[in-house]
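Chemist: Sharing a model prediction with you, sequence too.
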Amino acid sequence: MHCMAPKRNKITSVATIILAGVLAGWFAPNYAGADQPGVAAQGDQSNAPVAAAGRASAAPTGGVASATAPTPTPEPIACDVPPYTDHGIMMAPLRPICQFLGLTLGYADDVVTLQSKQSPDRIVIFRVGGQSAQIQNGAEHKSDRFPCPSEERLGNMFVPLKFIAICFGADSAGATIIDGDRRGALTFQSVPPPPDKEAAIVSVFNYTHRAMSLHLDGPQKVILELGSGESVLLKIRPGRYNYWAESMGMQVHSGSRSFSIDHKATWIWGG
């Protein structure tokens, strides 16, 4: 019996050491967490995101920056007519927007209906030239005011780009539509102007109270969309052109006009 006592003492000592190690590992994280600002204690996980942020902000500025995904290059969205700004609002042709965002377009009796193909319960209804739109998103129905009324000119429907994009869960910056990871830039394929020594110079001013469309057809085709108060300097091939011009509340004006190299022309609308 006496010879077993040392073994029990040795086992007891080993157990004591193991227990002390377990207790030290148990309590040490809690103590360290309570003592260090910005570090969450193991027993309290509610502050874990804050702790991570605190550690990130405390990192030295000379450290390696976290990698960020590069901004994707916008894909071109072909337009028959160029977008334009009217009182600071980007106005864009409707059909290319619908093609990029996957929208169906319905048009009857001056009422436009847009519906998402991917989410059919997202619907926007508005009247051409109206000030507001009816917006449906599932069970939610509301009316919202356009920042600039839609309008139809020379067969093209123009709408406030950002307003329509946001209605369907996207956004825009300038003439670029941002839809998740996709980006599309509204691009008007214009004919490059001739060299200056071969060009007729034409200054066009829009002094009407609304945006206007101006189409020229002659030695080259030119399509202009000008917001109220905007002007543009054209360099076009000399010769005789047929033109069509239209603005909201203004009948279509049409006629013909000649432009030559040796004479700088000024074309004022609404002045």
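Modeler: Happy to help now that I have it.
Chemist: Please name every helix or strand in contact with the helix or strand hosting residue 241.
Modeler: Take DSSP states H and E as the rule and residue 241 turns out to sit in strand 239-247. Counting contacts by 3 or more C-beta pairs under 8 Å, 6 or more residues apart in numbering; DSSP states H and E, strand 239-247 packs against strand 212-217, strand 250-259. (Glycine included, C-beta is placed from N, CA and C.)
Chemist: Using CSV, write out every CA atom in the last one.
Modeler: Translated: strand 250-259. What follows is the C-alpha trace of strand 250-259 in CSV, where atoms were taken according to Å, rounded to 0.1, in the frame of the first residue of the first chain:
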residue,chain,number,x,y,z
MET,A,250,-43.8,73.6,-81.1
GLN,A,251,-44.9,72.2,-84.4
VAL,A,252,-42.3,70.5,-86.6
HIS,A,253,-40.4,73.1,-88.6
SER,A,254,-38.9,71.9,-91.9
GLY,A,255,-37.2,73.4,-94.9
SER,A,256,-33.8,73.6,-96.5
ARG,A,257,-30.7,75.7,-96.0
SER,A,258,-27.3,76.0,-97.6
PHE,A,259,-24.0,76.3,-95.8
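Chemist: Going by neighbour count, which residues of the next helix or strand after that strand are buried?
Modeler: Sequence-wise, the next helix or strand downstream of strand 250-259 (DSSP H and E) is strand 265-269. Within strand 265-269, the residues scored as buried using 16 or more other C-beta atoms under 10 Å are 267, 269.
Chemist: With stretch 105-113 instead?
Modeler: Result for stretch 105-113 [16+ other C-beta under 10 Å]: buried residues residue 112.
Chemist: Number the chain from 343, please
Modeler: Sounds good: first residue 343 from here, last item stretch 447-455.
Chemist: what does that stretch rub up against?
Modeler: Applying C-beta atoms under 8 Å, 6 or more residues apart in numbering, the set of residues contacting stretch 447-455 from outside is 436-437, 440, 456-457, 465-471, 492, 499.
Chemist: Show me which of these are buried.
Modeler: Among those, those buried by neighbour count (16+ other C-beta under 10 Å) are 436, 440, 456, 457, 465, 466, 467, 468, 470, 492, 499.
Chemist: Just the closest of those to residue 412, please.
Modeler: residue 440 (28.2 Å; C-beta to C-beta).
Chemist: Remind me which helix or strand that closest one belongs to.
Modeler: helix 436-443.
Chemist: one step back: for the buried ones among the contacts of stretch 447-455, give me JSON lines that also has secondary structure.
Modeler: Written out in JSON lines, the entries for these read as follows (DSSP: H, G, I helix; E, B strand; the rest coil):
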{"residue": "436", "secondary structure": "helix"}
{"residue": "440", "secondary structure": "helix"}
{"residue": "456", "secondary structure": "strand"}
{"residue": "457", "secondary structure": "strand"}
{"residue": "465", "secondary structure": "strand"}
{"residue": "466", "secondary structure": "strand"}
{"residue": "467", "secondary structure": "strand"}
{"residue": "468", "secondary structure": "strand"}
{"residue": "470", "secondary structure": "coil"}
{"residue": "492", "secondary structure": "coil"}
{"residue": "499", "secondary structure": "strand"}
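Chemist: got the residues you listed as TSV, with pLDDT and distance to residue 526 columns?
Modeler: Shown next, in TSV, are the buried ones among the contacts of stretch 447-455 (pLDDT from 0 to 100; distance: C-beta to C-beta, whole Å):
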residue	pLDDT	distance to residue 526
436	96	14
440	97	12
456	97	17
457	97	19
465	97	22
466	97	19
467	97	24
468	97	22
470	91	24
492	92	20
499	92	18
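Chemist: can you give me the helices for the stretch 393-542 of the chain?
Modeler: For the stretch 393-542 of the chain, the helices identified by DSSP state H, counting those that start in this stretch occupy 436-443, 503-509, in order along the chain.
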